[in-house]
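**Q** fold the following, please.
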Amino acid sequence: MIIKSLALALAITLLFGITACAQSSGDVDAIQFSSLSEATDYGLKSEKANLLLRKEFKNKHYRLIENHEKFFALAVIDKSGNLYVWNRVTAYLSTPSYIMFSYNQGLDDEVNIIIGKTDKGTKKVKLDNKLDAVEQDVYNGYYMWFDVPKSNHAYNVEVVDTFCSNC
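**A** Numbers count the residues shown, from 1 in each chain. Okay, the predicted model is just below:
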């Protein structure tokens, strides 16, 4: 029993370590760019990724990206003065579902975000956890939701609209 507990603790520790290493760092020596498009181009090239979806929220520039292995991640481009910095804020994900996390946008400005993946034929999904429900537009199989209410309940994801009537 003790060996099983230790093995589980080691596996969880390794999982967190791998996840932390897979994320890019918020290094203070990050490369700065004079334009949003330069920062985006640099980030996509350095990540060897394609841009899936771009959204703006509270003066932050969010980019959902996909690497050559078809895993997806979220990056944010921060603006400081007249300079822009790319930073990937999640590990790469592969599952056709969603992940919810909190991102600190600055002093006392934490935002809860859901990023998700569904079928490419989906136009809209409904996320419902019995306390809150919202419909989100889907772009090429991906969606983002900002300012997600905090709760301890998981969201059910339901397709509510598709591009074809026979799907």
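
**Q** CA atoms for contacts and neighbours, from now on please.
**A** Fine.

**Q** centre-most residue in the protein?
**A** The residue lying closest to the centre of the chain (C-alpha atoms, centre = their mean) is residue 74, at 3.5 Å.

**Q** tell me how far that residue lies from residue 95.
**A** Note on residue 74: its distance to residue 95, by C-alpha to C-alpha, to the nearest Å, is 14 Å.

**Q** verify the stated contact: residue 122 with residue 143.
**A** No: the criterion here is C-alpha atoms under 8 Å, and residue 122 misses it with residue 143 at 10.3 Å.

**Q** returning to that earlier point: could you point out which element follows the strand or helix carrying the residue nearest to the centre of the chain?
**A** Assigned by DSSP states H and E, residue 74 falls within strand 72-80. As assigned by DSSP H and E, the chain's next helix or strand after strand 72-80 is strand 83-88.

**Q** pull out the buried positions in that next one.
**A** Neighbour-count burial for strand 83-88 flags 84-88 (criterion: 16 or more other C-alpha atoms under 10 Å).

**Q** could you do stretch 34-44 as well?
**A** 36, 39-40, 42-44.

**Q** just the ones of the residues you listed in helices?
**A** 36, 39-40, 42-44 (DSSP state H).

**Q** now do the contacts for residue 82.
**A** Counting by C-alpha atoms under 8 Å, 6 or more residues apart in numbering, residue 82 makes contact with 34-35.

**Q** try 10 Å
**A** Applying C-alpha atoms under 10 Å, 6 or more residues apart in numbering to residue 82 gives the contacts 32-36.

**Q** again, but for residue 109
**A** Applying C-alpha under 10 Å, 6+ apart, the residues near residue 109 are 58, 103.

**Q** same question for residue 145.
**A** 55, 57, 100, 112-116, 127, 134-137.

**Q** what about it, distance to residue 30?
**A** Distance, residue 145 to residue 30, using C-alpha to C-alpha: 27 Å.

**Q** which pLDDT value does the model give residue 81?
**A** Note for residue 81: predicted pLDDT of 89.

**Q** and for residue 73?
**A** On pLDDT, residue 73 comes in at 93.

**Q** ok, which stretches of this structure are strands?
**A** 49-57, 60-67, 72-80, 83-88, 98-104, 110-117, 122-128, 133-137, 142-146, 156-162 (DSSP state E).

**Q** this completes my enquiry, with thanks.
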